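Peer 1: Here you go, sequence then predicted model.
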Protein chains: 2
Amino acid sequence: MERTLILDCNNKVGQEIRVCGWVQTRRDHGKIAFLDLMDRSGIIQVFCRGEDVKEIHPQDVICITGLVNSRPENLINSNLATGKIELHAKQIEVLVKAAELPFDMGGKDLDLQLPTLLDHRPLTLRHPKVKAIFKVQEVVIDAFRKALTEKDFIEFQAPTIVPAATEGGAEIFPVDYYQYKAYLGQSPQLYKQIMVGVFERVFTVGRAYRAEPSVTTRHLSEYISLDCEFGFIESWSEVPDLAEDVIKRIFSEVEKRCGRELELYGVGVPQIAGKLPRIKLTEAQQIIKTRTGREVIGEPDLSPEDEREITEWAKEKHGSELIIITHYPTSKRPFYTYPDPEDPEHTLSFDLIGRGVEWFTGGQRINDHQQLLESMKKKGVNPENFQLYLQAFQYGLPPEGGFAIGAERVTMHILGLSNIREASLFPRDMERVDVRLSTIKK
Amino acid sequence: MERTLILDCNNKVGQEIRVCGWVQTRRDHGKIAFLDLMDRSGIIQVFCRGEDVKEIHPQDVICITGLVNSRPENLINSNLATGKIELHAKQIEVLVKAAELPFDMGGKDLDLQLPTLLDHRPLTLRHPKVKAIFKVQEVVIDAFRKALTEKDFIEFQAPTIVPAATEGGAEIFPVDYYQYKAYLGQSPQLYKQIMVGVFERVFTVGRAYRAEPSVTTRHLSEYISLDCEFGFIESWSEVPDLAEDVIKRIFSEVEKRCGRELELYGVGVPQIAGKLPRIKLTEAQQIIKTRTGREVIGEPDLSPEDEREITEWAKEKHGSELIIITHYPTSKRPFYTYPDPEDPEHTLSFDLIGRGVEWFTGGQRINDHQQLLESMKKKGVNPENFQLYLQAFQYGLPPEGGFAIGAERVTMHILGLSNIREASLFPRDMERVDVRLSTIKK
């Protein structure tokens, strides 16, 4: 008999059907047993004779032929998309037996320490609450693509092996590249700028690598960078304008398509009232000083404490859980950042801060070849390492800007996860590449 | 004045507008000059007074305010989307001056040797015929996504830093990963199989790396792998069935959305009459022997000559430029390939061959944990290096299969390019990462 998807059983009451999936849980009541069976569409409760399922355990892959029945009114489970029905098993076919599980997967939550969660990733990813994270993540990525495609942006594929450190710094992974040394790119930044010269408006769902030499809750060694860049801006503020459009679109898609996932985490997407508040760093520091008395004025950046304070202010004053802070000091931003012509010590750049932490960064870029060379010189960056990149400017690049969103970071902040590793399918860090590195024989 | 996109000028005849873009060519006729201006939407011919554009050169970034006029009937250029109009320049504003070009970019073709083409990639990518390749490539990728999303597949993001060689072999790049050795993944294969246990039907637009130790026209060191995998197959032939659906969808989208690009290359998408011919390797060899007399029977694979011959046959006999060859020998396929239960020396795998060359590969995978361990042992693959992967099978993975399409390879074969480097924005090979490696100081 052909397979029916579990969710489609809702329309098959009174019919005999066949479903296939993984056993999530079994509950024994004397001579009868209930299985929860899961497939890609959902979960269904299956009523079985105990003796028919003696050998059936969680994560076994099975197919069940049976009759779809309505549940009596008092047994309806409104938490389940198939909560009004139940399957009465007639025949059970075991496709694959699973080994005994190292921990219980049947609870609403999966209460495991992070190392255990990651040591058993192929299994723990199957838990509905863990799986939900990556449903949300794919909607985030899809919404990013949709928002930009509708505005005439073209997707491109950025390379990840690069000839030199993208943005300076030591946090870069060397690659043995034939008889040469190459590196893993710290971001698709340079390539997206080159691509502005080709398609004007571009984005990429790229890979980025940071040899972060410490274990923190918000850094990954490999992450997904949602990068976009566009030319012919008439004013620098078009860049944060676009960032605002994109993040709002991400929220609205997540809200529309991930209701159940948000519910599992007991969260909603961040609240925004109209346009996001947008203030300069110096204004933010003035507000923080007034509210807390802390002497933050003149600092080159916001501390984590400051970030929490300014989002608190944005929420109280503007009813917005997000705020855009602009005009960070030139000294603290990468060489390609555009200095404010009216105040060259500060840049036409921004951070988007939400729920107390930085979400992402963007700004206008220097598009004049000569000015770019000078900025590199000031920052101690060697133009020799950027030969290809510099050609884009040599041969004419319009005024342009862009931003980059870390997909894991946005997922983490939407769902309120406490560690970014939870928002990465197979997180890489100082201590782990799938398995704990210390356990690998060298 | 606000910017108008060049293509929209078609609806602005008689109006004064402002366009911005790159100068493609200038043609001087005594006191007047014609500029071809290009933006993301298209190209427009601009009529100027010679003295107004004395300093204007190709690739300069400019804005022109002027009047949109209809062209007289006899001057209509039907090769141009704006061929019925012309812009009469009133005011020209130079945004960025370009350096003198190292070669002429104004011709219909860009007749450069490959090294020159790649040495100046940010410039050469701007040529309409080069740019067209990447328009096609993005439609290929988008069509892959669409075809699968519509069939309930979920996209996921595969990691690229891996703890061990994915499929054996020496062609792998080592990464200095903190104080450990890690590698760049040869494909997302293992991760997509793990993800079948999570979402049942998955795909990824992944990165794959091969330390190919020779310079050929069809290998890249880094490429885009369009990978998909799905569980609960009832018969192995569902895998080539899906591959066929996907490739047909790719062709139909390219045909629909890239008419102009195909025209530039004077090609059409491959012809297919109904269902693709599908034969076993041994049958293919019998046909080749009958047609050519060559003693190919018993060979473990098709030679390039054989591939050409069998596609020739498919075209003559079935009117199809593509053919699926199945049942390659177990000895020549990776450890995860499913052996045919009726003939364990051959596998339930296939190659899709088109226009004389292999396009991509797929098949059913071994999903039984014990059988997989035995297959690894036979192939001399150490299970220790696949701890995480093996968990997916230990905890129950349904019968499943999938395939992987190289995005550059498909782009190359659709457009009839002679070297795969042309189908990669920034190709990496033994000799090049953006720039020629021999020119980089170590």
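Peer 2: Yes, it's here.

Peer 1: Double-check A:N77 against A:G83; I have them as touching.
Peer 2: Yes: here A:N77 reaches A:G83: they are 3.5 Å apart, a contact under CB atoms under 8 Å. Placement of C-beta: from N, CA and C, glycine included.

Peer 1: shared neighbours, those two?
Peer 2: A:R71 (CB atoms under 8 Å, 6 or more residues apart in numbering or on different chains).

Peer 1: just for chain A, where's the confidence low?
Peer 2: Applying pLDDT under 70 to chain A flags residues A:165-170, A:441-442.

Peer 1: Okay, helices next: where are they in it?
Peer 2: A:114-119, A:121-124, A:128-149, A:189-199, A:238-257, A:259-265, A:281-292, A:304-318, A:369-379, A:387-394, A:407-415 (DSSP state H).

Peer 1: which other helices and strands contact the last one?
Peer 2: For helix A:407-415, the elements it packs on are helix A:128-149, strand A:222-231, helix A:238-257, helix A:259-265, strand A:357-365, judged by 3 or more CB pairs under 8 Å, 6 or more residues apart in numbering or on different chains; DSSP states H and E.

Peer 1: Can you say which of these is nearest to B:E93?
Peer 2: Nearest to B:E93 among the helices and strands packed on helix A:407-415 is strand A:222-231; the distance by CB to CB comes to 15.3 Å.

Peer 1: And chain B, is that closest one touching that?
Peer 2: Yes: applying CB under 8 Å from any CB of the partner chain, one finds that strand A:222-231 is in contact with chain B at A:222, A:224.

Peer 1: That strand pairs with which strands?
Peer 2: Here strand A:222-231 is paired, per DSSP bridges, with strand A:201-209 (antiparallel), strand A:400-406 (antiparallel).

Peer 1: Just the angle for the last one relative to helix A:238-257, thanks.
Peer 2: Relative orientation of strand A:400-406 versus helix A:238-257 (axes from the mean of the first three to the mean of the last three CA atoms, to 10 degrees): 40 degrees.

Peer 1: In CSV, list the C-alpha atoms belonging to strand A:400-406.
Peer 2: In CSV, the C-alpha atoms belonging to strand A:400-406 read as follows (Å, rounded to 0.1, in the frame of the first residue of the first chain):
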residue,chain,number,x,y,z
GLU,A,400,28.0,51.5,-2.5
GLY,A,401,27.4,49.8,0.8
GLY,A,402,26.0,46.7,2.4
PHE,A,403,25.7,44.5,5.5
ALA,A,404,26.2,41.0,6.7
ILE,A,405,23.9,39.0,9.0
GLY,A,406,25.2,35.9,10.8
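
Peer 1: angle of that strand against helix A:189-199?
Peer 2: Using the same axes, to 10 degrees: strand A:400-406 against helix A:189-199 is 130 degrees.

Peer 1: neighbouring contacts of strand A:400-406?
Peer 2: Contacts of strand A:400-406 (CB under 8 Å, 6+ apart): A:144, A:187-189, A:192-193, A:196, A:223-233, A:236, A:238-239, A:242-243, A:246-247, A:338, A:348, A:350, A:359-365, A:367.

Peer 1: swap the cut-off to 6 Å and go again
Peer 2: A:196, A:223, A:225-229, A:231, A:233, A:239, A:243, A:360, A:362-365, A:367 (CB atoms under 6 Å, 6 or more residues apart in numbering or on different chains).

Peer 1: Return the distance of it from the chain's centre.
Peer 2: How far strand A:400-406 lies from its chain's middle: 15 Å, per CA atoms, centre = their mean, to the nearest Å.

Peer 1: What of stretch A:57-69?
Peer 2: 34 Å.

Peer 1: Is that stretch positioned near chain B?
Peer 2: Yes: judged by CB under 6 Å from any CB of the partner chain, stretch A:57-69 comes into contact with chain B at A:59-61.

Peer 1: Tell me the buried residues in stretch A:8-22?
Peer 2: A:9, A:17-22 (16 or more other CB atoms under 10 Å in any protein chain shown).

Peer 1: Need the residues you listed in TSV (columns: distance to A:M430).
Peer 2: Listed next are these as TSV, based on distance: CB to CB, whole Å:
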residue	distance to A:M430
A:C9	47
A:I17	50
A:R18	48
A:V19	44
A:C20	41
A:G21	37
A:W22	33
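
Peer 1: got the buried residues for stretch A:227-245?
Peer 2: So for stretch A:227-245, counting by 16+ other CB under 10 Å, buried means A:227-233, A:236-244.

Peer 1: now do stretch A:107-123
Peer 2: Residues of stretch A:107-123 classed as buried: A:110, A:112, A:117-123 (neighbour count, 16+ other CB under 10 Å).

Peer 1: Same question for stretch A:261-271.
Peer 2: For stretch A:261-271, by 16+ other CB under 10 Å, it's A:261-262, A:264-265, A:269-270.

Peer 1: same question, stretch A:134-149
Peer 2: Buried residues in stretch A:134-149, counted by 16+ other CB under 10 Å: A:134-145, A:147-148.

Peer 1: With stretch A:422-441 instead?
Peer 2: Buried-residue list, stretch A:422-441, by 16+ other CB under 10 Å: A:422-430, A:432-435, A:437, A:440.

Peer 1: List the contacts of that stretch.
Peer 2: Residues contacting stretch A:422-441 (CB under 6 Å, 6+ apart): A:133, A:215, A:220-222, A:408, A:411-412, A:417, A:421, B:159, B:161, B:163, B:178, B:180, B:182, B:387-388.

Peer 1: check contacts around A:I353.
Peer 2: Applying CB under 6 Å, 6+ apart, the residues near A:I353 are A:307, A:311, A:323.

Peer 1: Next, count neighbours for the second one.
Peer 2: A:T311 is surrounded by 21 other residues when neighbours are defined as other CB atoms under 10 Å in any protein chain shown.

Peer 1: Give me the distance between the closest residue to it other than its chain neighbours and A:S320.
Peer 2: Computed as CB to CB, 6 or more residues apart in numbering or on different chains, the closest residue to A:T311 that is not its neighbour in sequence is A:G356, at 5.1 Å. Remark: distance between A:G356 and A:S320 (CB to CB, to the nearest Å) = 13 Å.

Peer 1: returning to what we had before: looking at the helices and strands packed on helix A:407-415, which is nearest to B:D301?
Peer 2: strand A:222-231 (34.7 Å).

Peer 1: chain center to that closest one: distance?
Peer 2: 12 Å.

Peer 1: next one: stretch A:121-135
Peer 2: The mean C-alpha position of stretch A:121-135 is separated from the chain mean by 14 Å, CA atoms, centre = their mean.

Peer 1: what does stretch A:56-76 give?
Peer 2: 34 Å.

Peer 1: can you tell me which residues contact the residue of chain A most remote from its centre?
Peer 2: Centroid-distance maximum for chain A: A:K31 at 46.0 Å, with CA atoms, centre = their mean. Shown in contact with A:K31 (CB under 6 Å, 6+ apart): A:G50.

Peer 1: how far away is it from A:D52?
Peer 2: Separation of A:K31 from A:D52 (CB to CB) stands at 11 Å.

Peer 1: try A:P128
Peer 2: 26 Å.

Peer 1: out of those two, which sits in the busier spot?
Peer 2: Each of A:P128 and A:D52 has its neighbours counted (other CB under 10 Å); A:P128 has more, 18 against 15.

Peer 1: picking up where we left off before, among the buried residues of stretch A:8-22, which are within reach of chain B?
Peer 2: A:C20.

Peer 1: which two in the buried residues of stretch A:8-22 are spaced the farthest apart?
Peer 2: Of all pairs in those, the most separated under CB to CB is A:I17 and A:W22 at 17.6 Å.

Peer 1: Chain A - how does it break down into domains?
Peer 2: A:6-96, A:119-270+A:355-439 (automatic domain parsing).

Peer 1: how about the residues of the stretch 301-442 of chain A near chain B?
Peer 2: Counting by CB under 6 Å from any CB, the residues of the stretch 301-442 of chain A near chain B are A:387-388, A:391-392, A:394-396, A:398, A:426, A:428, A:430, A:433-435, A:437.

Peer 1: Give me whichever of the domains of chain A is most buried.
Peer 2: domain A:119-270+A:355-439 (a mean of 20; mean count of other CB atoms under 10 Å in any protein chain shown).
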